[in-house]
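K.L.:
Got a sequence here, can you model it:
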Amino acid sequence: MSKSRAPLAIGLAAAAGIGYYLYSAGGSPRAAEKKFEGDANHVAGKIKGETPHRSNDVEEHGRKVGQEIGSKVDDAVATVNRDLSKAKNETESYAKAAKADTLKKIDEFDRKVEEGTSKSKGYFSSWFGGK
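P.N.:
Coordinates of the predicted model:
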C-alpha cells in the first residue's frame, strides 16, 4: 500500500514557517510569536476586506455621502419636474391663444368674402335685370 505524502508536506511547511519567524526574530521565541500574531491579524484583515478601526468610519462616511447625493438628485428631479410643468402650462396657454387668434382671423376673412360676394352678386344681377 502506498502512503500519503500530505502529512510530510504539511510538516515541512510548518517547520519552514517556524524557522522563518525564529530567524527574523533573532532566535527569540516570544518575538517570533508576536511577529506571527501580527502577520496573522494583517492577513485576516485583508481577507475580511477591512482594516481595523477604519471600516466603520468608511462605511458611515459612505452612507452620509450616499444620502447627500440622493437628496441632491431628488432636488434636481423635483426642479426639473416643476420646470417641465410650468413650460407645459405656458405652452398650452400659448396654443389656446394662438387658436383663438387664428379662429378670429378666419371669421374676419369669411365676413369679408361674404361681403364681397354679396356686392358682386348685386352687381351681376343688375346686368341681367335682377335686384
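K.L.:
For stretch 24-31, which residues meet the burial criterion?
P.N.:
Buried residues in stretch 24-31, counting neighbours by 16 or more other C-beta atoms under 10 Å, are found at Ala25. C-beta: built from backbone N, CA, C; applies to glycine.
K.L.:
Make residue 1 into 295 and carry on from there
P.N.:
Okay, using 295 as the starting number, the last item reads as stretch 318-325.
K.L.:
can you map out the helices along the chain?
P.N.:
Secondary structure of the chain (DSSP state H): helices at 300-318, 323-342, 349-421.
K.L.:
Columns mean pLDDT on top of those helices, output as CSV?
P.N.:
Shown next, in CSV, are the helices of the chain (pLDDT from 0 to 100):
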stretch, mean pLDDT
helix 300-318, 85
helix 323-342, 84
helix 349-421, 86
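K.L.:
ok, and what's touching stretch 326-334?
P.N.:
By C-beta atoms under 8 Å, 6 or more residues apart in numbering, the residues outside stretch 326-334 that reach it are Ile312, Tyr315, Leu316, Ser318, Ala319.
K.L.:
switch to 7 Å and redo it
P.N.:
Tyr315, Leu316, Ser318, Ala319 (C-beta atoms under 7 Å, 6 or more residues apart in numbering).
K.L.:
contacting residues around the first one?
P.N.:
Shown here is Tyr315, whose contacts under the criterion C-beta under 7 Å, 6+ apart are Ala326, Lys329, Phe330.
K.L.:
Including neighbour count, could the residues you listed go into a markdown table?
P.N.:
Shown next, in a markdown table, are the contacts of Tyr315 (neighbours: other C-beta atoms under 10 Å):
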| residue | neighbour count |
| --- | --- |
| Ala326 | 19 |
| Lys329 | 16 |
| Phe330 | 17 |
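K.L.:
Much appreciated, bye for now.
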